[in-house]
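[1] what shape does this take:
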Amino acid sequence: MANNKLLRMDNVGIVVESLDEAIAFFTEIGLKLEGRATIEGEWAGRVTGLGNQHVEIAMMITPDGHSRLELSRFITPAVIEDHRTAPVNALGYLRVMFTVENVDEMVSRLINHGARLVGEMVQYENSYRLCYIRAKDGLLIGLAEQLNKSV
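    Here you go, the predicted model:
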């Protein structure tokens, strides 16, 4: 990283239909709402290439303070594509993976928020238990539980 002057990865952006539902979902996983704001105007459109835009955003932060999700709900311009039902082998950004303390307990809690298991809960060697879930709004999320915590 020192050679290319990279300092950090700031965040991953996800466009959602309901900001309130997405905040509740990611809060259930363990992220904390860092802040909400409305971004609008010509200056923002110059960055995104969308022209005059009006977007509500929420910044969610992981417990360790190192990673963030920027949740965005576009008011204008309207969303023009929907990739939420793309299979896991589709090109482009796919999912966000979270390591949790107890994957079974987390899946149960997220099902109460309308999520569903995509395939099966699997175990990779003696290292991880893993699964993919789809949130109520279709977002694909990976969950992992590290089994051998001494490594």
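
[2] buried residues in the lowest-mean-pLDDT helix or strand in the chain?
    Sorting the helices and strands of the chain by mean pLDDT, DSSP states H and E puts helix 42-48 at the bottom, at a mean of 81. Buried residues in helix 42-48, counted by 16 or more other Cβ atoms under 10 Å: G45. Every C-beta, even on glycine, is put in place using the N, C-alpha and C of the backbone.

[3] counting contacts, what elements does that helix pack onto?
    With contacts taken as 3 or more Cβ pairs under 8 Å, 6 or more residues apart in numbering; DSSP states H and E, helix 42-48 sits against strand 53-61.

[4] one more time with 10 Å, if that's ok
    Other elements packing on helix 42-48 under the criterion 3 or more Cβ pairs under 10 Å, 6 or more residues apart in numbering; DSSP states H and E are strand 32-41, strand 53-61, strand 68-76.

[5] with mean neighbour count and distance to G114 added, can I get those in a markdown table?
    Listed next are the helices and strands packed on helix 42-48 as a markdown table, based on neighbours: other Cβ atoms under 10 Å; distance: least, Cβ to Cβ, whole Å:
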| stretch | mean neighbour count | distance to G114 |
| --- | --- | --- |
| strand 32-41 | 12 | 19 |
| strand 53-61 | 19 | 18 |
| strand 68-76 | 17 | 16 |
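
[6] could these go into JSON lines alongside mean pLDDT and distance to N148?
    Below are those laid out as JSON lines (pLDDT from 0 to 100; distance: least, Cβ to Cβ, whole Å):
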{"stretch": "strand 32-41", "mean pLDDT": "93", "distance to N148": "28"}
{"stretch": "strand 53-61", "mean pLDDT": "95", "distance to N148": "27"}
{"stretch": "strand 68-76", "mean pLDDT": "94", "distance to N148": "28"}
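
[7] including distance to N4, could those go into CSV?
    Shown next, in CSV, are those (distance: least, Cβ to Cβ, whole Å):
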stretch, distance to N4
strand 32-41, 27
strand 53-61, 25
strand 68-76, 21
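
[8] out of the ones you listed, nearest to D10?
    Nearest of the helices and strands packed on helix 42-48 to D10, taken as Cβ to Cβ: strand 68-76 at 6.5 Å.
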